[in-house]
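Participant: test case, fold it:
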Amino acid sequence: MLPVVILAGGLATRLYPVTQKIPKSLILIAGRPFIDHQLELLNEKGVTHVVLCVGNFGEMIEAHVGDGSQFGLEVCYSYDWDVLRGTGGAIKKAAGMLPDAFMILYGDSYLDIDFSSVVQRFNTGALPAVMTVYRNRNTFDTSNIIMNAGKIVKYDKKSRDPAMEYIEYGLIAIRKNVFDDYPAHEPFDLSLVLSRLVDAGQVMGYEVTKRFYEIGSTSGIRETEEYIRIRKPV
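Facilitator: I've put the predicted structure just below:
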């Protein structure tokens, strides 16, 4: 199984004032910090190694998670501290900790899918990235992807196209060398990397039929908590 990079360094301003004192990863969901649910799910899916990219309040996350052994994982940390590097810049900074290929997961996502199938799609394909996608049809958020014959042919978070039925699901398998040409000390977003790869015809798609859950908004928190309580009744 490929290791997973969790991007947990954002400021989470949409959840202020709660996230002015704690990181989003430590918000209580169903009575426990969200990251507990996230890491337990990764262990359940067969993941063994996690790199947490953290920033503001990152030391609080490390104090809680530790080396990851309580979750059956090996966890290490890449700190942005108070420097906003963006999601792409955070991965670039962590590159020395990463193997040639890995998965990327956002720190507010709870994705109850078969990770091994995504990895298999990645390993058997000839392209450097696989994006999981969901046929959203603007249901949970605005769709921003066109996929054709298993390949992502358009990905744009700003310019909308009526043909866009899919949205990124939140799990990406990728080769480290796609970050080689990006600056080491300047912020940049992961979406920029993915958009350029898509434009070059270098991204496979993996369609997921089960909706995603996230804690990036109050409504998302409520829905995620309801799902986790059903999935893991106390």
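Participant: how far does stretch 40-54 stretch from start to finish?
Facilitator: 19 Å (Cα to Cα, to the nearest Å).
Participant: so which bits of it are buried?
Facilitator: 40-42, 45, 47, 49-54 (16 or more other Cβ atoms under 10 Å). For glycine as for every other residue, the C-beta is placed from the backbone atoms N, C-alpha and C.
Participant: what mean pLDDT does that stretch get?
Facilitator: In this model, stretch 40-54 has an average pLDDT of 97.
Participant: rewinding a little: quick check: the two most widely separated of the buried residues of stretch 40-54?
Facilitator: Farthest apart among the buried residues of stretch 40-54 by Cβ to Cβ are 45 and 54. That separation is 21.5 Å.
Participant: the residue nearest to residue 75 when sequence neighbours are not counted: what's it in contact with?
Facilitator: Of all residues not flanking residue 75 in the chain, residue 68 sits nearest, at 3.0 Å (Cβ to Cβ, 6 or more residues apart in numbering). Taking Cβ atoms under 8 Å, 6 or more residues apart in numbering, we find residue 68 in contact with 39, 50, 74-75.
Participant: got TSV for those residues, with secondary structure and distance to residue 87 too?
Facilitator: Formatted as TSV, these follow (DSSP: H, G, I helix; E, B strand; the rest coil; distance: Cβ to Cβ, whole Å):
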residue	secondary structure	distance to residue 87
39	helix	19
50	strand	16
74	strand	23
75	strand	19
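Participant: from those, list just the buried residues.
Facilitator: 39, 50, 75.
Participant: quick check: mean pLDDT of the lengthiest strand in the chain?
Facilitator: Longest strand of the chain, by residue count under DSSP state E: strand 166-175. Averaging pLDDT along strand 166-175 gives 94.
Participant: tell me what it is packed against?
Facilitator: strand 101-106, helix 115-124, strand 129-135, strand 145-148, helix 190-199, strand 203-208 (3 or more Cβ pairs under 8 Å, 6 or more residues apart in numbering; DSSP states H and E).
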